[in-house]
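K.L.:
got a predicted structure here, sequence first:
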Amino acid sequence: LKVDIKARDKGSLLAFEDGVTTSFGLENAQDRGKLFVSSGEDVYKNMIVGIHQRPGDLAVNVCKTKALTNMRSATKGITVGITAALVMSMDACVEYIASDEILEVTPTQFRMAKNPDLAGKKNRKK
């Protein structure tokens, strides 16, 4: 019995930099897809933080902070809520990751990221 494994048709949202996620950064990133992280979580560069709506990976700045200025804004009263983060089990994470991604298992959480070894090879091919 030969069965082909179906590859996912959507890309991943990757953390742009190391840091702690902020509600402002997540608010902007949730327009791009569904998120795995919530506000106040530690992330590192190239960590998978969500599912992109389209094929291909996209780096998003989930650690972005709001600029504190003395300027008044017409849109100050407009607030957008943050949707709840998707909670993934270990089985779901293993099914989600692609061949160039890794799963990091810690006692408290599961983190997915791009494999740094394969990322270097990918850049050299171009």
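P.N.:
Looks like it came in fine. Numbering: from 1, shown residues only.
K.L.:
for the rest of this, base every contact and every neighbour count on C-alpha atoms.
P.N.:
Fine.
K.L.:
who's residue 13 bridged to?
P.N.:
In this entry, residue 13 is beta-bridged to residue 50, residue 58, by DSSP bridges.
K.L.:
and the gap between residue 63 and residue 17?
P.N.:
With distances taken as Cα to Cα, to the nearest Å, residue 63 is found 7 Å from residue 17.
K.L.:
and the two? which has more neighbours close in?
P.N.:
residue 63 (24 against 17; other Cα atoms under 10 Å).
K.L.:
thought that one was touching residue 22?
P.N.:
Yes - if you go by Cα atoms under 8 Å, residue 63 and residue 22 touch, sitting 5.3 Å apart.
K.L.:
and the strands in this structure, which stretches?
P.N.:
Remark: strands assigned in the chain by DSSP state E are 12-15, 19-20, 33-35, 42-43, 48-52, 58-60, 101-105, 110-114.
K.L.:
what average pLDDT does the last one get?
P.N.:
Think strand 110-114. Strand 110-114 shows a mean pLDDT of 91.
K.L.:
equivalent analysis for the first one, please.
P.N.:
Per-residue pLDDT values over strand 12-15 give a mean of 92.
K.L.:
returning to what we had before: mind putting the strands of the chain in TSV, distance to residue 91 and mean neighbour count included?
P.N.:
Shown next, in TSV, are these (distance: least, Cα to Cα, whole Å; neighbours: other Cα atoms under 10 Å):
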stretch	distance to residue 91	mean neighbour count
strand 12-15	17	26
strand 19-20	26	16
strand 33-35	18	20
strand 42-43	21	17
strand 48-52	16	26
strand 58-60	24	20
strand 101-105	11	16
strand 110-114	10	19
